[in-house]
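K.L.:
with the sequence up front, the predicted model follows.
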Amino acid sequence: MFLEPHFKGQRSGWIEVICGSMFSGKTEELIRRLKRAKIANQKVEIFKPKVDTRYDDAKVVSHDANSILSVPIEHSSKLLELTDGINVIGIDEAQFFDGELPEVCQQLALRGNRVIIAGLDMDYKGKPFGPMPNLLAVAEYITKVHAICQHCGNLATHSYRISNEGETVVLGEKDRYEARCRTCYHMGNILNLKVAEEKKEEKITNQQTLL
Ligand SMILES: [Zn+2]
């Protein structure tokens, strides 16, 4: 588990990145860190790109008394305007932000902010996603979290798209993506066909048992 660095008398900020595939618990880890800071009376807020329409605008991302406001913004430069008086800045779904985000985060860290970024490190094609590789390069602390492969139970690092859309950004959850390990990811649709075949066989066996 990530433990916050302990600085005595040091005022400068820093950048933390939490990355991984879909269903790996990135946002949960982001919220865990922010909640602890909030309990310590630090001012915290989460920002997310406006493209992420899966959740309501300005939705509160957790449900208890320590809820944290999540503010949708169009461009990373807005972060510099909207974070006056905030100590810890959370950024969720960072892969959807523009290419200026790494530079903006560095400015925020220099201003003394603790910046915690959560995002997908790879897109569904297995390629580095948006500004994430550059954020990983400039961060002081990196945590890679893993999902569990839905086919073999190993640690999953890849987001496999089970729907047919060709664009890089297709919003969705379990209806469109599966968390997979490297091997199962590269087996592609063969695995899905196998699963369908097994289900069909199972059905036939069940029917035979009934007869
Ligand atoms: Zn697997």
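P.N.:
Perfect, thanks for sending it. Computed from a predicted structure; not experimentally measured.
K.L.:
okay, CA-based contacts and neighbour counts for the rest of this
P.N.:
Fine.
K.L.:
check contacts around Ile15.
P.N.:
105-106, 109, 114-117, 138-141 (Cα atoms under 8 Å, 6 or more residues apart in numbering).
K.L.:
would it count as being in a helix?
P.N.:
No. Read with DSSP: H, G, I helix; E, B strand; the rest coil, Ile15 is strand and lies in no helix.
K.L.:
by neighbours, which of the contacts of Ile15 wins?
P.N.:
Ile117 (29 neighbours; other Cα atoms under 10 Å).
K.L.:
and this structure, which of its residues are near the ion?
P.N.:
Residues of the chain lying close to the ion (Cα under 5 Å from the ion) are 149, 152, 181, 184.
K.L.:
mind giving me the ChimeraX select for these, buried ones only?
P.N.:
Selection of buried members from those for ChimeraX, criterion 16 or more other Cα atoms under 10 Å:
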select :149,181,184
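K.L.:
could the residues of the chain next to the ion be laid out in CSV, adding pLDDT?
P.N.:
CSV is the format used below for those (pLDDT from 0 to 100):
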residue, pLDDT
Cys149, 97
Cys152, 95
Cys181, 97
Cys184, 95
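K.L.:
for Val17, state which of the residues of the chain next to the ion is nearest.
P.N.:
Nearest to Val17, judged by Cα to Cα, of the residues of the chain next to the ion is Cys181 at 21.2 Å.
K.L.:
can you pull the contacts of Ala37?
P.N.:
Ala37 neighbours (Cα under 8 Å, 6+ apart): 43-44, 88.
K.L.:
Gly172: which of those is nearest?
P.N.:
Here the nearest of those to Gly172, counting by Cα to Cα, is Val44; it sits at 27.2 Å.
K.L.:
from the residues of the chain next to the ion, which is closest to Met122?
P.N.:
Cys181 (12.8 Å).
K.L.:
okay, and the beta partners of the closest residue in space to that closest one that isn't next to it in sequence?
P.N.:
Of all residues not flanking Cys181 in the chain, Ala156 sits nearest, at 4.0 Å (Cα to Cα, 6 or more residues apart in numbering). With DSSP bridges as the criterion, Ala156 is bridged to Ala147.
K.L.:
from the residues of the chain next to the ion, which land in helices?
P.N.:
Cys184 (DSSP state H).
K.L.:
now the residues of the chain next to the ion in JSON lines, with distance to Gln95?
P.N.:
Listed next are these as JSON lines, based on distance: Cα to Cα, whole Å:
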{"residue": "Cys149", "distance to Gln95": "22"}
{"residue": "Cys152", "distance to Gln95": "27"}
{"residue": "Cys181", "distance to Gln95": "20"}
{"residue": "Cys184", "distance to Gln95": "23"}
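K.L.:
tabulate the contacts of Ala37 (TSV), appending secondary structure and distance to Val169.
P.N.:
TSV is the format used below for the contacts of Ala37 (DSSP: H, G, I helix; E, B strand; the rest coil; distance: Cα to Cα, whole Å):
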residue	secondary structure	distance to Val169
Lys43	coil	32
Val44	strand	28
Val88	strand	28
